[in-house]
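In: got a predicted structure here, sequence first:
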Amino acid sequence: MNVFVDEAAEVINDPFIQVLNKGRGAKIRLFIATQTFADFAARTGSQDKARQVLGNVNNLIALRIMDSETQQYITDNLPKTRLKYIMRTQGVATSATNPTVFSGNVGERLMEEEGDLFAPQLLGQLPDLHYIAKLSGGRIVKGRLPILRSAHDRQGARS
């Protein structure tokens, strides 16, 4: 059975959380949608309970999010990545006793550091219908939902 719940924070309660937790074994698939992390926290009365709700979700798909707390929650659940960049240096030195004597150097180093796979603030800049998803099994996807048009709509667009 597939159950789709929009504005899920409006109906969240302990039995609903149990269905999220154990529904898979009963072949119940829940699809829940909400605007912000705070919606669940306000409804359940606790940040921990809100985290329990979202912790029972196997797949997380986020479209554009303006709320910074929700942006942070989403990106905190994404793995880190190694960022590589080139550090370029250059320098010139002269002698204090003989200003016509000078030396110079130029260098490049390949640097690497750990960073966010997807920066939280970028979630607020996603174009319409673009999303970032963390799917069961650890797969991460950045994608775009297609706009489906009927043959009638396509015909009208050509006129």
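Out: Cool, the structure landed.

In: so who does residue 60 touch?
Out: When contacts are counted by C-beta atoms under 8 Å, 6 or more residues apart in numbering, residue 60 touches 54, 74, 77, 133-134. Yep, even glycine has a C-beta here, placed from its N, CA and C like the rest.

In: buried ones only from those residues, please, as a ChimeraX command.
Out: Selection command for ChimeraX covering only the buried members of those, criterion 16 or more other C-beta atoms under 10 Å:
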select :54,74,133,134
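
In: of all the contacts of residue 60, which two lie farthest apart?
Out: The distance between the two most remote of the contacts of residue 60 (C-beta to C-beta) is 14.1 Å, for 54 and 133.

In: re the thing from before, reformat the contacts of residue 60 as a markdown table; add distance to residue 28.
Out: Written out in a markdown table, the entries for the contacts of residue 60 read as follows (distance: C-beta to C-beta, whole Å):
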| residue | distance to residue 28 |
| --- | --- |
| 54 | 18 |
| 74 | 25 |
| 77 | 23 |
| 133 | 21 |
| 134 | 21 |
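
In: inside strands: which ones of the contacts of residue 60?
Out: Within the contacts of residue 60, residues falling in strands by DSSP state E are 133-134.

In: is it true that residue 79 touches residue 117?
Out: Yes. With contacts defined as C-beta atoms under 8 Å, residue 79 counts as touching residue 117 at a distance of 5.9 Å.

In: anything in contact with each of those two?
Out: With contacts taken as C-beta under 8 Å, 6+ apart, the residues that reach both residue 79 and residue 117 are residue 140.

In: looking at these two, which is more packed in?
Out: A direct count of neighbours by other C-beta atoms under 10 Å for residue 79 and residue 117 places residue 117 higher, at 14 against 10.

In: surely that one meets residue 140?
Out: Yes. Between residue 117 and residue 140 there is a contact at 6.8 Å, judged by C-beta under 8 Å.

In: joint contacts of these two?
Out: Each of 78-79 lies in contact with both residue 117 and residue 140 under the rule C-beta under 8 Å, 6+ apart.

In: tell me how far residue 4 lies from residue 32.
Out: Residue 4 sits 8 Å away from residue 32, going by C-beta to C-beta, to the nearest Å.
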